[in-house]
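[1] Provided below are the primary sequence and the corresponding predicted coordinates.
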Amino acid sequence: MGLARHVVCAMSGGVDSSVCALLLKRRGFNVTGVFMKNWDSLDESGVCSTERDCEDAHRVCQTLDIPFHQVSYVKEYWHDVFSNLLKEYERGRTPNPDILCNKHIKFNHFHKYAIHTLGADAMATGHYARTSQEDEEVFQQASEIVTVRLYKGADLQKDQTFFLSQISQDALRQTMFPLAGLTKEFVKKIAAEAGLHHVLKKKESMGICFIGERNFENFILEYLEPKPGNFVSIEDGRVMGTHKGWFTLTLGQRARIGGQRDAWFVVDKDIATGDVFVAPTTNHPALFRDTVRTDRFHWLTVDPPAELAKTQMMECHFRFIHQMPLTPCTVTLNMDGSVWISLSQPVRALTPGQFAVLYKGDECLGSGKIIQGATQHKEHLTPDPDS
């Protein structure tokens with residue numbers, strides 16, 4: 001009988017990655033747990049849970065009797081993710097740090113560390129997602145490279161393919177998702193039966209990891225110089241009040257305007273003047289777009305689908321927020337690799353900087369960063385600040 005395959009499991013200190021490691025060990029793999037530190041708590045004035053999470057991950061590994069390692073990607077996270085975020089905010093966009101973290105850190109730096117430094121045959125994460133290959137095929141990729149596709153996990157309420165839409169094909173080929181066919185409730189049941197009660201008690205992490213419980217506006221103003229401007233009514237051009245900087249605001253959110261009894265919502269930003277345009281009511285027509293342009297689209301299979309490559313057009317489904325209802329769309333492929341996405345119905349607050357993620361049935365095709373949103377008749381246009 002040959003040696004057991006070595007699988008490195010990304011450990012976060014939460015229930016999903018803990019059960020991921022447990023299932024791998026039960027299946028006879030030689031498992032190593034690794035905790036990634038991506039944010040330096042010394043940079044924060046608030047409370048950071050990183051050390052607690054690391055302790056929880058270590059405790060799980062002790063319970064499972066598997067080796068534990070900790071690796072720091074603080075510098076890489078700052079350079080590849082956080083600096084990018086600040087630049088995007090300054091351009092008037094609203095980036096998605098979770099997608100960027102998976103692309104640059106977990107499925108790039110960590111993937112290379114697992115395979116090349118620790119000598120693993122594969123890596124594993126606790127994401128609710130599945131691929132087109134069986135586990136044994138993961139270990140054959142070194143000798144026979146086969147394109148791997150990414151599909152929604154069995155628990156559609158927890159499906160995380162949205163956050164994996166920018167990862168590389170190389171990393172996808174060498175990654176296992178042990179929770180692919182499980183529901184969150186069943187994962188919790190496994191953890192309870194295995195005595196992993198300390199991770200069961202933890203709340204699920206929500207929001208941007210490095211901000212924690214702090215107010216976003218206060219946090220971002222620690223890194224970007226305040227650039228006050230006016231709130232301007234989209235209806236009559238009237239100045240409604242002032243703000244501390246367009247980068248503290250995102251499309252669709254309620255604008256805090258002093259002296260206004262009625263709710264006003266952000267519909268557009270002009271970074272040249274600093275004006276933030278607002279509209280009354282949460283469903284104002286100016287908040288809706290039915291056409292999106294992205295930058296160069298990242299196809300998870302590297303090449304665009306055959307149908308799109310042949311005709312330059314394809315019907316599929318779109319979302320730009322995790323778990324928002326999928327919207328039918330028609331995709332047009334441009335010569336530079338970017339795409340235009342025409343939606344079957346207008347969508348609220350299509351936000352430049354977010355990622356347009358496409359699906360064909362259960363398959364996640366990939367994503368592209370939203371550069372521009374428009375109505376088909378072009379009454380309202382959110383321009384690309386760099387164009």
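    Cool, the structure landed.

[2] mind listing the strands for the stretch 1-150 of the chain?
    Taking DSSP state E, counting those that start in this stretch as the test, the strands found in the stretch 1-150 of the chain are 6-11, 30-37, 68-72, 122-124, 129-131, 150-152.

[3] want to throw those into CSV with distance to Asn215 and mean neighbour count?
    To be clear about C-beta, it is placed using only N, CA and C from the backbone, and glycine gets the same treatment. Compiled in CSV, those are given as follows (distance: least, CB to CB, whole Å; neighbours: other CB atoms under 10 Å):
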stretch, distance to Asn215, mean neighbour count
strand 6-11, 30, 26
strand 30-37, 24, 22
strand 68-72, 27, 15
strand 122-124, 35, 25
strand 129-131, 32, 22
strand 150-152, 34, 21
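
[4] JSON lines for these, including distance to Val278?
    Output for those, formatted as JSON lines (distance: least, CB to CB, whole Å):
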{"stretch": "strand 6-11", "distance to Val278": "42"}
{"stretch": "strand 30-37", "distance to Val278": "40"}
{"stretch": "strand 68-72", "distance to Val278": "42"}
{"stretch": "strand 122-124", "distance to Val278": "46"}
{"stretch": "strand 129-131", "distance to Val278": "38"}
{"stretch": "strand 150-152", "distance to Val278": "36"}
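
[5] dump the ones you listed into CSV; add mean pLDDT and distance to Thr183 as well.
    Below are the strands of the stretch 1-150 of the chain laid out as CSV (pLDDT from 0 to 100; distance: least, CB to CB, whole Å):
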stretch, mean pLDDT, distance to Thr183
strand 6-11, 98, 20
strand 30-37, 98, 23
strand 68-72, 98, 28
strand 122-124, 98, 18
strand 129-131, 98, 13
strand 150-152, 99, 13
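
[6] Arg59 is nearest to which of those strands?
    Checking the strands of the stretch 1-150 of the chain against Arg59 by CB to CB gives strand 68-72 as the closest, at 9.2 Å.

[7] returning to what we had before: among the strands of the stretch 1-150 of the chain, which comes closest to Leu343?
    strand 150-152 (20.3 Å).

[8] contacts made by the next helix-or-strand element following that closest one with the rest, please.
    Following strand 150-152 in sequence order, the next helix or strand is helix 169-173 (DSSP states H and E). In this structure, residues lying in contact with helix 169-173 by CB atoms under 8 Å, 6 or more residues apart in numbering are 107-108, 111, 123, 131, 133, 138, 141, 145-148, 150, 164, 300-302.

[9] residues contacting Ser233?
    Residues in contact with Ser233 (CB under 8 Å, 6+ apart) are Val239, Met240, Trp264, Phe277, Val278, Ala279.

[10] buried among those residues? Make that a ChimeraX selection.
    Selection of buried members from these for ChimeraX, criterion 16 or more other CB atoms under 10 Å:
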select :240,264,277,278,279
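
[11] can I get the contacts of Ser233 in JSON lines with secondary structure and distance to Val74?
    Converted to JSON lines, the contacts of Ser233 look like this (DSSP: H, G, I helix; E, B strand; the rest coil; distance: CB to CB, whole Å):
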{"residue": "Val239", "secondary structure": "strand", "distance to Val74": "43"}
{"residue": "Met240", "secondary structure": "strand", "distance to Val74": "41"}
{"residue": "Trp264", "secondary structure": "strand", "distance to Val74": "39"}
{"residue": "Phe277", "secondary structure": "strand", "distance to Val74": "38"}
{"residue": "Val278", "secondary structure": "strand", "distance to Val74": "38"}
{"residue": "Ala279", "secondary structure": "strand", "distance to Val74": "41"}
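
[12] if we can go back for a sec, mind checking which of the contacts of helix 169-173 are buried?
    107-108, 111, 123, 131, 133, 138, 141, 148, 150, 164, 300-301.

[13] circling back to that earlier point, can I get the contacts of Ser233 in a markdown table with pLDDT and distance to Ser168?
    A markdown table is the format used below for the contacts of Ser233 (pLDDT from 0 to 100; distance: CB to CB, whole Å):
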| residue | pLDDT | distance to Ser168 |
| --- | --- | --- |
| Val239 | 97 | 47 |
| Met240 | 96 | 45 |
| Trp264 | 97 | 42 |
| Phe277 | 97 | 38 |
| Val278 | 98 | 40 |
| Ala279 | 97 | 40 |
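
[14] what's the closest non-adjacent residue to Glu225?
    Counting by CB to CB, 6 or more residues apart in numbering, Glu225 lies nearest to Gly245, which is 8.0 Å off, once chain neighbours are set aside.

[15] isn't that neighbour up against Pro228?
    Yes. Contact criterion CB atoms under 8 Å: Gly245 and Pro228 qualify, at 6.9 Å.

[16] who's more crowded, these two?
    Shown here are Gly245 and Pro228; by other CB atoms under 10 Å, Gly245 has more neighbours (20 against 10).
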